[in-house]
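K.L.:
show me how the following folds:
(chains A and B)
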Amino acid sequence: MTGNSPLTFQVLSKCSKTKARRGLMMLRQTKPVETPVFMPVGTQGTLKGVLVNQLKMDNMNCQIMLGNTYHLGMRPGPEILKKIGGLHKFMAWDRALLTDSGGFQMVSLLQLAEITEQGVKFQSPFDTSTECMLTPEESIKLQNVIGADIIMQLDDVVKTTTTGPRVEEAMHRTIRWIDRCLEANERNDDQSIFPIVQGGLQPELRKQCAEALTKRDVRGFAVGGLSGGESKDDFWKIVSLSTDLLPNDKPRYLMGVGFASDLIVCVALGIDMFDCVFPTRTARFGCALVRSGQLNLRKQTYECDLTPIDEKCGCSTCKTYTKAYIHAVINEPIMCSLLTIHNVYFQLQLMRDMRDAIESDKFPEFVKTYMNELYPEEKPKWIVDALKSVNVDL
Amino acid sequence: MKFVIEPAKKCAGRLGLLTGIDRIPDKSYKTPLLLFTEQNLSREVLEISGFQNIAVLLSFDCSVQMTNALKLYKKGISEFIGLKECLTFVTIKNPCYPCLTGHHEKGSLPVYKKSGKINVTSEDYMTFIKESMPDFFVTLADGDTWHDCSKKRIIKSNERSNEMLDECIKHQQGIKVKWSKMIGTVEGGYSEHERRKSVDHIKQHDEKIIGYFIDGLHRNGHDAVSLDSIKVNEIVKYTLSILPHDKIKIMLGAFLPNQVLELVSIGIDVFDSSFAILVSKMNRALTFNFNLQNPALLDSGPEIDLTDSKYKDDFSPFVESCQCLTCKQHTKAYTNHLLNTKELLGPMLLTIHNLHHYKMYFEAIRECIKNDELSDLKEMIDVQYKNKTFSYEVQKNVAQTN
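P.N.:
Modelled structure (predicted):
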């Protein structure tokens, strides 16, 4: 990779037992992203109720955020983003950004999306008489305007639990579409497209897909089509297979995964990047993430609880406020702000802890301690199995 | 607590300094003072936005659900809400929300919360004061009077308020924490006779009262915006003339910026930021100019509506020279997008700007009093708000039950 590459990735240290690795991804030579990393989701150009300044505070130090192409394409729309020169400027965020292709939202949000070889056909959400088409080229064109540092190929998304020839068709189509996406990228010198490994729950298809995608000239890879209702047994096996198939010198991004236990297992299996709406969504419902799970601060039991969400937490919410205060403002906008800050901090701190553990080669010990705290009784079988596969015996 | 008024100048308005507050003895506050009405900015956001050393206005109706927690907490509401170094002032009702009319039960005040109506007795109220330990609190009163309400209602309001005041004083004697100072609530609607009666009653307890809250002239929310300026000024002027000169005088509510100047020149010392909050809730940004050194006025007027589609690709700040976090960092276009998409950050950015703008306005007011330029400022603000018909009627945030 040349010195001017918009994305360089270095593995700094590797766990001697598991497949976990600590790395440094440098975007456009100026924006460092330490991996493994969790990327909070700022769907419409903002993390709900949080100032970008808060994300950049020393204790929080969020290095990369995600935006959704489908939403941003609708509002504010490409014309406005083009005029100001992209999403970074629009939202005043000078750190790294990643955008998805928009395809997943169409299939999940819109009832009448139909996938053809050309692209994703859908009805306009604002005018149901108009049919629109999101092609791989359109998706990249839109993502070129948004201007994120990492952009995603349009892939053919099928439900995780789908079986039969449709899965294979989607896998092959995803391979055909990556070429169209790479061809369409007008900003290859500063925006890096990640292809997406598909193939459902079938190892053979995943293998074929990964083999084809790794032949392309790309700077990182994503694993897609998981975290959609499949069994955890299938989930970890496909993740593990995918990391085995992907090159070691490029970052691997597992899409849509964000529960603490999933993050830990998948880091052990060799994943470098994650995103998930869960921490920010659950915050809006009044829930705070803690090492033992989550607390629903709506519950009456917190009315007089004068301790912070987590005594050891270093976020600004825990430094200032008690659970009783958050309970007292439960439906106010400030509740959302305070819990979003805490939950995002929780995720980022978990990743920092894992990076530190990998660096000092104590990752297996970290995993054991964490799992013991999260599951004091019996540990879920899939976690035991997944970790055993990378030499960690719970 | 010490309140010193600077020797009177020939001009109207008075400058003062509030010091020696028991709980925060190293703090001082200049009057005319702006209290920050309850808003939705966390401590961290306030700090990042440069709002240090603020004085905050909390209301019983929005905080009473904290009473049980405060009882165990024992450190007071300032610290509980994350602002322990800030002066806290407790009033009965949040001036941002319009009062709802309810049946007045004997010995209690109807107060509306999101969960419904509660009848608050002096004992309930003083229990909250005891546990929340604010620096200042107003005495419980029935301020449900307005510009054309019946004489009967004013008399009733006065009688009830006098009883409540006596009760508050009785209950205060049982409170151990001595730093919570009492502000006497003056009622009497728009009747000089009734104002006199209210003041006479409060004066019986004058040694326990460190200042006066002139209540009962509007019914909070947008009602304070549309006051009849002449009538208000007359009755406030009269009321102040029969009150001790050297004690602090407070009026709460979303008065228009030029009405604030009227009240300042009559002698009111403390106001609150509910006007800036209402403007934010209406999705507008304050843009009125109060800089006498650079009196150029904007064509866009004193307030701009950020939901207006003409701002969708306007990448300039709300106010070019503004030093607030929103204006230094963000654009009208971004705010327009956030409001369109109902993102929480939209109202936050507006609130940060409007509070900053209003805070700077108060700095300008103090400067103008010092330089004897209050009438020039008044003229400048009058011009900008003349013939402007903005709505300040926010969708109700309070559920009415029963």
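
K.L.:
what pLDDT does residue B:400 get?
P.N.:
In this model, residue B:400 is scored at 32, pLDDT.

K.L.:
who's in contact with the residue lying farthest from the centre of chain A?
P.N.:
The C-alpha centroid of chain A is most remote from residue A:304, which lies 35.9 Å away (C-alpha atoms, centre = their mean). Contact analysis of residue A:304 by C-beta atoms under 8 Å, 6 or more residues apart in numbering or on different chains lists A:324, B:68, B:69, B:72. In short, each C-beta sits where N, CA and C put it, glycine included.

K.L.:
before we move on, what about residue A:142?
P.N.:
Residue A:142 touches A:69, A:72, A:73, A:78, A:102, counting by C-beta under 8 Å, 6+ apart.

K.L.:
mind checking how far it is from chain B?
P.N.:
16 Å (C-beta to the nearest C-beta, to the nearest Å).

K.L.:
now residue A:335
P.N.:
Counting by C-beta to the nearest C-beta, the gap from residue A:335 to chain B is 9 Å.

K.L.:
residue B:26: how many residues sit nearby?
P.N.:
By other C-beta atoms under 10 Å in any protein chain shown, 8 other residues sit near residue B:26.

K.L.:
helix, strand, or coil at it?
P.N.:
coil (DSSP: H, G, I helix; E, B strand; the rest coil).

K.L.:
domain ranges for chain A?
P.N.:
Split into domains by automatic domain parsing, chain A comes to A:7-276, A:284-387.

K.L.:
now those domains in JSON lines, with distance to residue B:114 and mean pLDDT?
P.N.:
Output for those, formatted as JSON lines (distance: least, C-beta to C-beta, whole Å; pLDDT from 0 to 100):
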{"stretch": "domain A:7-276", "distance to residue B:114": "19", "mean pLDDT": "95"}
{"stretch": "domain A:284-387", "distance to residue B:114": "7", "mean pLDDT": "97"}
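
K.L.:
for chain B, what lies in contact range of chain A?
P.N.:
Within chain B, the positions adjacent to chain A are B:40-45, B:48, B:63, B:65-66, B:68-69, B:72-73, B:80-82, B:114, B:312-313, B:315, B:325, B:329-331, B:333-334, B:337-338, B:340-341, B:343-345, B:347-348 by C-beta under 8 Å from any C-beta of the partner chain.

K.L.:
now list the buried members of the residues you listed.
P.N.:
B:40-45, B:48, B:63, B:65-66, B:69, B:73, B:80-82, B:312-313, B:315, B:325, B:329-331, B:333-334, B:337-338, B:340-341, B:343-345, B:347-348 (16 or more other C-beta atoms under 10 Å in any protein chain shown).

K.L.:
residue in the stretch 151-300 of chain A with the shortest distance to chain B?
P.N.:
In the stretch 151-300 of chain A, the residue that lies nearest chain B is residue A:284 (8.9 Å; C-beta to the nearest C-beta).

K.L.:
so what's the backbone phi/psi at that residue?
P.N.:
Per-residue torsions, residue A:284: phi -70, psi -20 (degrees, to the nearest 10).
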